[in-house]
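Asks: sequence-free structure coming up:
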């Protein structure tokens, strides 16, 4: 459905961030609790290392994603938490932008990296929990995220995938980590949640902290494709049954690496609307016009509503309509 003024108002009204408000409050309270209670930190030096331990965190960086981390790479970390991966990534790359929904987690990571002297090339951004608003378009080569998006509903994961297309440069890669149910570790996690009834609490309940969703390889690929991304690789056997770290996850982890597609909308085109018709059109570089499908599509491309030009129906008719409608992710 093309973008109209009515659709624009409706979509704006629906973006309430209610689904992530509970996550934000829960994880914002976690750093203080982690520092206070040994049953949470388990004696770990860095927040987050209580899950898997420091050696497993190093293994992920050293063996799973090392090829994406070079001195010329600008990296975004989605969900930096307490900085356990940040401290390992920052020394390897040109720049690292640590992002989190929680200001308290951001502060925790700032202290962690400063104490370790690895914060010189690091910046920080508090996200809205929906997308990468606040980050510049075409600003990153790799988006890293581990043990984060599995806490999000599939629609929320998709919203990040869609906006990653904007943030990544041509050839940029998005790393998506999920838990697959069809595995010893995944089923253990599922049953523990079932008997703890975490699934039965409201989104803003503290009893829901740590609740995860599950995703198959097929679902992961489908979401990435719908977001306009090309599948580069899907790994479902890391670290492997012969690894001494196997029992950390017991085959639960699913890693997808996806390359961002290129949108035909760059925010530099002319955007027009004929008098008496609310449909908004972008005039592409080749001179053809395409109907913009949604408010999010319009704004994600970098258009400003003040730039919208009113034209006559006659003038609009002189601009040929493209035979290829915009994909929803463009």
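Replies: Yes, it's here. Not measured: the values here are computed from a predicted model. Numbers count the residues shown, from 1 in each chain.

Asks: just the strands in the chain please.
Replies: 74-78, 95-100, 122-126, 140-144, 168-179, 229-235, 253-260, 270-274, 280-283, 289-291, 309-311 (DSSP state E).

Asks: contact partners for residue 260?
Replies: 164, 165, 168, 170, 171, 172, 173, 174, 228, 229 (C-beta atoms under 8 Å, 6 or more residues apart in numbering). C-beta: built from backbone N, CA, C; applies to glycine.

Asks: and for residue 51?
Replies: Here residue 51 is in contact with residue 147 (criterion: C-beta under 8 Å, 6+ apart).

Asks: swap the cut-off to 10 Å and go again
Replies: Counting by C-beta atoms under 10 Å, 6 or more residues apart in numbering, residue 51 makes contact with 42, 44, 57, 81, 84, 146, 147, 210, 248.

Asks: select, out of the strands of the chain, the one closest to residue 62.
Replies: strand 140-144 (13.4 Å; C-beta to C-beta).

Asks: mind listing what's buried along the closest one?
Replies: 140, 141, 142, 143, 144 (16 or more other C-beta atoms under 10 Å).

Asks: cool, and stretch 158-169?
Replies: 158, 159, 160, 161, 162, 163, 164, 165, 166, 167, 168.

Asks: just checking, residue 287 touches residue 321?
Replies: No - contact criterion C-beta atoms under 10 Å: residue 287 and residue 321 do not qualify, at 11.0 Å.

Asks: which one's more surrounded, these two?
Replies: residue 321 (13 against 9; other C-beta atoms under 10 Å).

Asks: report the buried members of the contacts of residue 260.
Replies: 164, 165, 168, 172, 173, 174, 228, 229.

Asks: any idea which of the residues you listed is the one closest to residue 243?
Replies: Nearest member of the buried ones among the contacts of residue 260 to residue 243, counting by C-beta to C-beta, is residue 173, at 24.0 Å.

Asks: isn't the closest one up against residue 144?
Replies: Yes - contact criterion C-beta under 10 Å: residue 173 and residue 144 qualify, at 9.4 Å.
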